[in-house]
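>>> Everything below, folded, please.
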Amino acid sequence: MLASKLKLTTAIVAATLTAGAALADDVYGPYPVTLKGYDGDKTNSVSYSGQVARHVLHDSLKKLAGKGDGGNNAEALEAMMLAYFDGSDTDLEIVAPVSKDGFPVKQATLNEISSGKNISGKFYKGAMLAWPGNHSGVDVAREFISYAAASEKGYDAVNGYDWGQLISKFTLGAMAYNQAVDNYLDEKLEADNKPNNKAYKDGAYYTGKEHSWDEAFGYFGAAAHSVNLSAEQNYAIAKGKDLASADANGDGVVDLKTEYVFGPAYYAADADKAGTNYMSTIFSAFRDGRALITSANGEALTDAQRDQLKAYAATIETNWEKVIAEAVFKYAGSVYKDIDKLKEGADDAAVRTYAKHWGELKGFSMALQSGKNNLGATAFDMNWLIGFGPAMLDGKMVSDIDADGNFVRGREMSLDDYQTAMLKVQGLMVEAFGVEARKNDMIGSLEALANKLGTTESAESD
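The predicted structure follows:
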């Protein structure tokens, strides 16, 4: 039985590798079981359900961040949010994404995807200097959760915080991006770490390298068939729309394990709507890397194979980093535009939108600092320009947090000056990361704004 299975496996692999150009249209998996000595009934070695479960935990946590009533339910809400952050012994309800009219979702609880998963155990634990206190990334996330639970619908109107956005965008980097590029596509590609000629763990039906690569793909969050969809279709799926594009197997429901598009892949698609090709580049590198691992047929990878795999990993890392930088660029532009509206008339809705976009900007700037690369001066400049909070209408912004957890508003910044800072953030993303989509590009406004401020200063001096 085993011999016949291995012959079939070899034939499948050969067919895959001789497909040549057709690979460009292939989905991620299924890939045959190549583990030597396996005699079970599994025929597909792909497995990344744990990563999908963590994406769902993230989406649910973001949704819960907006459930605060200003303090009365703070204790209960924080406990609930921490259950999604730290994991739970109970089978948690999926808060998001859930079924909606015209877009039915197959799973309703976490255990239908994978049990025993959490976010905190896979969260960036290095110091996060973009937030007051010099705390670890995971501790900063806990602070965000606590503030969100005590807030009114996840919003701090005084300091300009949208806690749901801060939690979400930071997590997309500190969990998904960090785990993929600084773990599975890094040390786990070394010869003696999760080797391909051994099971990933006792009882597994996949090899060490197969599963490590799959887990990294799972953190990217693409649907298994995303490469065959347009940027607009991938974007719509993440928004809970376009069932026809999502439902690859035609069973009438969206399987979160393989047919949904989660955060990192969603933002790749968002950038690609402007003409870039991040999704196809990242997806193709994942798929081609997996085909390479499969071609080893359960043998240890050669140095040449691992070198090629590391080249695929470098492509993924570079483009994923650029996707996050594109988001920083985009939301710096959004904040700039919001300030224009605030200067025309600052009603509550305008301030709320400003806080939302700033939360996305700040969260992604923190996500960008959660990878394996030390951004050095780029991180320092970005953190100073964006600050610990947005410039508010009274010309002040958060500069610190005191021992009791209260925000200290000790930095002064006019709205005009903060707009200039946003343009400098956009310029930094171009210079440091070579962003290409450049959504909400306001860099052209820098000269006009500088001239305006220079004229004003000249008039005042006269």
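
>>> Following element in sequence after the helix ranked longest in the chain, please.
In terms of residue count, the longest helix belonging to the chain (DSSP state H) is helix 303-344. Going down the chain from helix 303-344, the next helix or strand is helix 348-368, by DSSP states H and E.

>>> circling back to that earlier point, elements contacting the longest helix of the chain?
For helix 303-344, the elements it packs on are helix 208-220, helix 263-272, helix 278-295, helix 348-368, helix 415-433, judged by 3 or more Cβ pairs under 8 Å, 6 or more residues apart in numbering; DSSP states H and E. Any C-beta I mention is one placed from the backbone N, CA and C, and that applies to glycine too.

>>> Report the separation between the nearest residue to Ser60 once chain neighbours are set aside and Leu243.
Leaving out its chain neighbours, the residue that sits closest to Ser60 by Cβ to Cβ, 6 or more residues apart in numbering is Val95, at 3.6 Å. Applying Cβ to Cβ, to the nearest Å, the value for Val95 to Leu243 is 21 Å.

>>> His211: neighbour count?
Counted with other Cβ atoms under 10 Å, the neighbours of His211 add up to 25.

>>> Give the full set of residues in contact with it.
By Cβ atoms under 8 Å, 6 or more residues apart in numbering, the residues touching His211 are 45, 47, 194, 200, 204.

>>> From those residues, pick the one nearest Asn249.
Ser47 (17.6 Å; Cβ to Cβ).

>>> ok, and the closest non-adjacent residue to the most centrally placed residue in the chain?
In the chain, the residue lying closest to the centroid (Cα atoms, centre = their mean) is Leu172, at 2.9 Å. Distances taken as Cβ to Cβ, 6+ apart place Gly263 nearest to Leu172, at 4.5 Å, with adjacent residues excluded.

>>> right, and the one you found touches Val56 too?
No. With contact defined as Cβ atoms under 8 Å, Gly263 and Val56 do not form a contacting pair (10.9 Å).

>>> Neighbour count: those two, which is higher?
Neighbour comparison, Gly263 and Val56: the larger count goes to Val56, with 29 against 24 (by other Cβ under 10 Å).

>>> so what's the nearest residue to that one once chain neighbours are set aside up against?
Excluding its sequence neighbours, the residue lying closest to Val56 (Cβ to Cβ, 6+ apart) is Ile94, at 5.6 Å. When contacts are counted by Cβ under 8 Å, 6+ apart, Ile94 touches 56, 60, 105, 107-110, 256.

>>> Now with 10 Å, please.
With contact set as Cβ atoms under 10 Å, 6 or more residues apart in numbering, Ile94 has these partners: 53, 56-57, 59-60, 63, 84, 105, 107-110, 112-113, 256.

>>> Same check on Gly68?
Per Cβ under 10 Å, 6+ apart, neighbours of Gly68: 74, 77-78, 81, 147-155, 163-164.

>>> Mind checking which of those residues are buried?
Buried residues within those, defined by neighbour count using 16 or more other Cβ atoms under 10 Å: 74, 77-78, 81, 147-151, 154-155, 163-164.

>>> which one of those sits closest to Tyr28?
Using Cβ to Cβ, the buried ones among the contacts of Gly68 come closest to Tyr28 at Gly164, 29.8 Å.

>>> Could you verify my assumption that Asp89 touches Ala83?
Yes. Between Asp89 and Ala83 there is a contact under Cβ atoms under 10 Å: 9.3 Å.

>>> Compare neighbour counts for these two and give me the winner.
Per other Cβ under 10 Å, whichever of Asp89 and Ala83 has more neighbours is Ala83, with 18 against 8.

>>> and that one, which of the three is it?
State at Ala83, reduced to three classes by DSSP: H, G, I helix; E, B strand; the rest coil: helix.

>>> Hmm, it is touching Leu92, no?
Yes. Taking contacts as Cβ under 10 Å, Ala83 lies within contact range of Leu92: 6.5 Å.

>>> Find residues that contact each of the two.
With Cβ under 10 Å, 6+ apart as the test, Ala83 and Leu92 both reach 57, 60.

>>> If you count contacts, what does the helix or strand containing Ile145 end up packed against?
Here Ile145, judged by DSSP H and E, is contained in helix 137-150. With contacts defined as 3 or more Cβ pairs under 10 Å, 6 or more residues apart in numbering; DSSP states H and E, the packing partners of helix 137-150 are helix 49-64, helix 74-86, strand 155-156, strand 161-162, helix 163-171, helix 348-368.

>>> quick one: which of those is nearest Ala223?
Ala223 lies closest to helix 49-64 among the helices and strands packed on helix 137-150, at 10.4 Å (Cβ to Cβ).

>>> same question for that closest one, mean pLDDT?
Averaging pLDDT along helix 49-64 gives 98.

>>> What of stretch 213-232?
Here the average pLDDT along stretch 213-232 is 98.

>>> before we move on, what about stretch 96-114?
98.

>>> Same check on stretch 280-290?
Taken as a whole, stretch 280-290 carries a mean pLDDT of 98.

>>> Can you point out the buried residues in that stretch?
Neighbour-count burial for stretch 280-290 [16+ other Cβ under 10 Å]: 280-290.

>>> same thing with stretch 364-376?
364-371, 375.

>>> Can I get these in a markdown table including pLDDT and distance to Ala355?
Below are these laid out as a markdown table (pLDDT from 0 to 100; distance: Cβ to Cβ, whole Å):
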| residue | pLDDT | distance to Ala355 |
| --- | --- | --- |
| Phe364 | 98 | 15 |
| Ser365 | 98 | 15 |
| Met366 | 98 | 16 |
| Ala367 | 98 | 18 |
| Leu368 | 98 | 20 |
| Gln369 | 98 | 21 |
| Ser370 | 97 | 22 |
| Gly371 | 95 | 26 |
| Leu375 | 96 | 25 |
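
>>> quick one on the thing from earlier: what is the nearest of the buried residues of stretch 280-290 to Trp320?
Set against Trp320, the nearest of these by Cβ to Cβ is Ile282 (6.2 Å).
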